[in-house]
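> coords please:
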Amino acid sequence: MTASPPLIRPLRLLFATLALVVLGGCASAYLVDNQVQSFARWADRASAPGVPVVIPQAPQIYRFERLPSQREGKTASGQDELEKLTQLALAKVGWTRAAEGASSPWTVQVDAGTLRLPRAPWESPYDGYWGGGFGPGFAMPGRDYVVTAGGQIIWMPMFPRMESPYYKREVSLVIRHAATGKVVYETRAAHDGRWNSSNALWSAMLEAALRDFPAPPEGPRQVNIEVPR
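Residues are numbered from 1 along each chain as shown. Now for the predicted structure:
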């Protein structure tokens, strides 16, 4: 049997390592890191002082409640999708949506929003550019060149600006006691990053918002959810 040349074995090891990396990347997940804060006020539903606080245990029944601004046009269709995802998230903690027309002891209001930025807050609009020129100059906000004090352009980017959008997202849930209208639970999850909007992303944020429900710890906390690619 002929022995492999000394260079062959390191190359085989390199190819095997690359194959593992590729296979691992196919089955990898991305992290949705959320800043979460929740407020439980189950005692607020009591109509008389001195009534002991009873935290409702699963299973529970609820119905969705919408603001007027969530009932019309494209907003309404987007709200339909958001409520479907919320329904799945609440099912994981033992809360079931009431049948159409049926009464329920709780109402749930859910809202979500996205702020799209052209780049991450810490990134400069001039990152990645280079050029030549002499003399003092200053950058004009929103422009891709530097201008001298005399108004002469001394520097242009070699390539067009390739910006990667950055998103700030937040989802919030408010649970009310249906009979009194009092807010008994409020929670919100905020996430910043470059991931595109998807049902998986919003589901992860809703799961984070409902972490430790119905008796959450006090103060803000970080809740990380892994989402399969």
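
> got the domain boundaries for the chain?
In the domain annotation for the chain, the residue ranges read 28-46+56-119+165-228, 126-162 (automatic domain parsing).

> tell me where the chain has strands.
29-40, 60-64, 95-97, 106-117, 137-139, 146-148, 153-155, 166-177, 183-193, 221-228 (DSSP state E).

> reformat those as TSV; add distance to residue 86.
(C-beta placed from N, C-alpha, C; glycine too.) Below are these laid out as TSV (distance: least, C-beta to C-beta, whole Å):
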stretch	distance to residue 86
strand 29-40	15
strand 60-64	8
strand 95-97	9
strand 106-117	5
strand 137-139	45
strand 146-148	50
strand 153-155	51
strand 166-177	7
strand 183-193	12
strand 221-228	15
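
> before we move on, the earlier item: which one of the domains of the chain is the most hemmed in?
Stretch with highest mean neighbour count among the domains of the chain: domain 28-46+56-119+165-228 (a mean of 16; mean count of other C-beta atoms under 10 Å).

> how about residue 165: what's its closest non-neighbour residue?
What sits nearest to residue 165 in space, not counting adjacent residues and going by C-beta to C-beta, 6 or more residues apart in numbering, is residue 116, at 5.6 Å.

> in contact with the one you found, which residues?
165-167 (C-beta atoms under 8 Å, 6 or more residues apart in numbering).

> now swap in residue 60 and tell me
Contacts of residue 60 (C-beta under 8 Å, 6+ apart): 94-96, 105-106.

> what's the end-to-end length of stretch 86-100?
End-to-end distance for stretch 86-100: 17 Å, by C-alpha to C-alpha, to the nearest Å.

> likewise stretch 215-229?
Distance between the two ends of stretch 215-229: 31 Å, counting by C-alpha to C-alpha.

> residues touching it, excluding its own?
Identification of contacts with stretch 215-229 by C-beta under 8 Å, 6+ apart yields 26-40, 55, 187, 189, 200-201, 204-205, 207-208, 211.

> just to revisit the earlier point, nearest to residue 74, of the strands of the chain?
For those, distance to residue 74 was read as C-beta to C-beta. The smallest value, 13.8 Å, belongs to strand 106-117.
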